[in-house]
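Peer 1: Need the 3D shape of this:
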Amino acid sequence: MWPKNASNLQLTVFISATLLISIGAAVLAGTNPKLIGVASIGYVVPAVVAITLNILHHKGVSNVYQPVFYGTTRRSLLFAVAYPAVFVALVAVIAVASGKAVINSGNLPAFTELAAVFVIIFLWMVLAFGEEYGWRGFLLPALAARFGRLRATIVVGLVWALYHLPADYLVNKGSADVWLTCLIHGALVFVTSFPISYCYFQTKGSITGVLLFRAVWDVAHIVVLGAPDSKAHTVLVGSYTIFGSVPLTLIVGTAAAIVFGWMLSKNGVRVKEKA
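Peer 2: Numbers count the residues shown, from 1 in each chain. Below is the predicted model of the structure:
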């Protein structure tokens with residue numbers, strides 16, 4: 001069953017290709033500002049590499065769509081919506097209670113903006129496909145077949161964080177604390193991989209729930225949480241840091257990662273992937 005039977009060579013090629021392309025795109029964009037658009041290929045590289053390996057493995061395209069449309073469960077879709085919503089709500093409550101944020105009175109999202117959220121979620125699911133077909137559609141189940149769900153999640157989280165490192169550095173290289181910023185963002189990506197893996201393992205090999213998770217996660221953060229002096233129509237506005245520059249989302253996300261890591265180690269969710 002693909003991708004459980006992916007070879008070690010295919011895994012090596014996938015990880016190496018995605019990371020090298022990410023570094024190469026960042027170098028090109030960094031050395032020539034006119035090529036800054038090259039960095040946008042980062043949204044599709046994992047999917048392109050995984051689809052290519054899928055086609056080569058099966059000697060055709062008939063199995064390319066399988067990880068997207070087959071094996072979706074109601075439980076995974078419910079989790080994909082509920083977890084990001086609860087996570088953001090918890091961060092919001094802590095931020096307001098600690099005085100880090102306040103209700104953005106007078107600049108709350110309009111009804112039309114809230115109605116447009118459903119369209120935006122769909123569009124972001126399409127955007128997330130460029131990464132998730134590779135991360136959770138290929139790499140996670142292939143590694144889980146070899147090392148178990150927890151270890152696979154750890155490796156995918158590390159690769160995912162390293163994949164975004166060059167772009168993070170490119171965006172923040174002008175700041176004095178560029179490496180701290182990159183470290184924090186990498187840590188956020190890493191801890192978020194645990195609930196996303198849990199979402200995936202509630203399916204029978206589908207990434208639809210993961211795509212929905214990614215979209216709801218991003219939209220919920222944008223709509224509810226706001227940056228200092230934000231002019232956007234958000235529910236809250238504030239500075240979500242603790243202990244200096246550590247994001248509150250990282251603290252809550254780390255606690256959640258520990259819980260989901262334990263659950264993944266117990267293989268508490270049964271999965272029967274479609275052949």
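Peer 1: For stretch 144-154, what does the pLDDT average out to?
Peer 2: The average pLDDT within stretch 144-154 is 96.
Peer 1: Buried ones in that stretch, by neighbour count?
Peer 2: The neighbour-count check on stretch 144-154 (16 or more other CB atoms under 10 Å) flags 144, 145, 149, 150, 152, 153, 154 as buried. Any C-beta I mention is one placed from the backbone N, CA and C, and that applies to glycine too.
Peer 1: Take the residues you listed and keep only those in helices.
Peer 2: 144, 145, 149, 150, 152, 153, 154 (DSSP state H).
Peer 1: Tell me the one of those nearest residue 66?
Peer 2: Residue 66 has its nearest neighbour among those in residue 145, at 16.0 Å by CB to CB.
Peer 1: Please enumerate the helices of the stretch 101-250 of the chain.
Peer 2: Per DSSP state H, counting those that start in this stretch, the stretch 101-250 of the chain carries helices over the ranges 111-134, 140-147, 149-172, 178-200, 208-224, 248-265.
Peer 1: who wins for proximity to residue 41 among the ones you listed?
Peer 2: helix 111-134 (9.0 Å).
Peer 1: Identify all contacting residues around that closest one.
Peer 2: 14, 18, 43-51, 67-68, 160, 207, 210-212, 214-216, 218-219, 223, 233 (CB atoms under 8 Å, 6 or more residues apart in numbering).
Peer 1: Output the helices of the stretch 101-250 of the chain in TSV; the columns should cover distance to residue 93.
Peer 2: Output for these, formatted as TSV (distance: least, CB to CB, whole Å):
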stretch	distance to residue 93
helix 111-134	20
helix 140-147	31
helix 149-172	26
helix 178-200	18
helix 208-224	11
helix 248-265	10
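Peer 1: so which of those helices gets nearest residue 6?
Peer 2: With CB to CB as the measure, helix 140-147 is the member of the helices of the stretch 101-250 of the chain nearest residue 6 (4.4 Å).
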